[in-house]
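>>> need a 3D model of the sequence below.
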Amino acid sequence: MLTLNNKTLSYDRAFTHAGIQYPANWLRLATLEERNALGITESADPATYDQRFYWGVDNPKELAGLKTLWSNTQNEIAGSLLAPSDWVIIKAKETGGHIPSAWKTYRAAVRTACNTRQTEINAVADVPALMELLFGAATVTQQKKDSEGVGMVEPDTITVDGKEEANPVAGDPVMETVTNPAIATAWPTPI
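This next block holds a predicted model:
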């Protein structure tokens, strides 16, 4: 964050100082010395937080209330996923027709996913775990483990062109990208 006389400056925005108008690109083009000469200082941006889960930085909302809120949200999502096919069900009931099996399967999958997601929400132990469950990345990179669950590391030597050589990354962990085990069950793909 750039400041001048306790006012925040933004890149690509013109500003005035000591009666001089500086163009929008001045901050990008100016050297550090030119900025310092004007008295522009740079500091870390203020800490941010997700207002859906926190009252402020390091001040989480009550977990029980968040669980209730997000559990109810799953019902709303399920309802919105089921709504486009409601007419199929109503028409079949009104006309004595049949409900296509694909629709029955999809609607059952939506209800199952909703119930599973609500169980997952109820099982979280803290606010960061709830955030990860609902909004975490689809994949994570972690140390690869052998069949006994021990973290694998790069070997001391490698074979290059048929010759054994010292491994420049010996002892470093062997990493792999896997599906994030901490995210919620996915909703079914709509028909």
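>>> how far off centre is stretch 134-149?
Put simply, stretch 134-149 sits 15 Å off its chain's centre (Cα atoms, centre = their mean, to the nearest Å).
>>> quick one: end-to-end distance for it.
27 Å (Cα to Cα, to the nearest Å).
>>> do the same with stretch 155-167
7 Å.
>>> which of the residues in it are buried?
For stretch 155-167, the neighbour count (16 or more other Cβ atoms under 10 Å) marks no residue as buried. In short, each C-beta sits where N, CA and C put it, glycine included.
>>> mind listing the strands for the chain?
For the chain, the strands defined by DSSP state E cover 2-4, 7-9, 15-17, 20-22, 41-42, 54-56, 59-60, 139-143, 157-160, 163-166, 175-179.
>>> please compute how far the third one lies from its chain's middle.
Going by Cα atoms, centre = their mean, the spacing between the C-alpha centre of strand 15-17 and its chain's C-alpha centre is 38 Å.
>>> likewise for the fifth one?
Centroid separation between strand 41-42 and its chain, computed with Cα atoms, centre = their mean, is 30 Å.
>>> just checking: what are the partner strands of it?
strand 2-4 (antiparallel) (DSSP bridges).
>>> need the strands of the chain in JSON lines with mean pLDDT, can you?
Conversion of the strands of the chain to JSON lines gives the following (pLDDT from 0 to 100):
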{"stretch": "strand 2-4", "mean pLDDT": "96"}
{"stretch": "strand 7-9", "mean pLDDT": "95"}
{"stretch": "strand 15-17", "mean pLDDT": "96"}
{"stretch": "strand 20-22", "mean pLDDT": "97"}
{"stretch": "strand 41-42", "mean pLDDT": "94"}
{"stretch": "strand 54-56", "mean pLDDT": "97"}
{"stretch": "strand 59-60", "mean pLDDT": "97"}
{"stretch": "strand 139-143", "mean pLDDT": "96"}
{"stretch": "strand 157-160", "mean pLDDT": "94"}
{"stretch": "strand 163-166", "mean pLDDT": "95"}
{"stretch": "strand 175-179", "mean pLDDT": "96"}
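>>> got CSV for those, with distance to residue 97 too?
Converted to CSV, the strands of the chain look like this (distance: least, Cβ to Cβ, whole Å):
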stretch, distance to residue 97
strand 2-4, 67
strand 7-9, 64
strand 15-17, 68
strand 20-22, 71
strand 41-42, 69
strand 54-56, 51
strand 59-60, 51
strand 139-143, 43
strand 157-160, 66
strand 163-166, 72
strand 175-179, 40
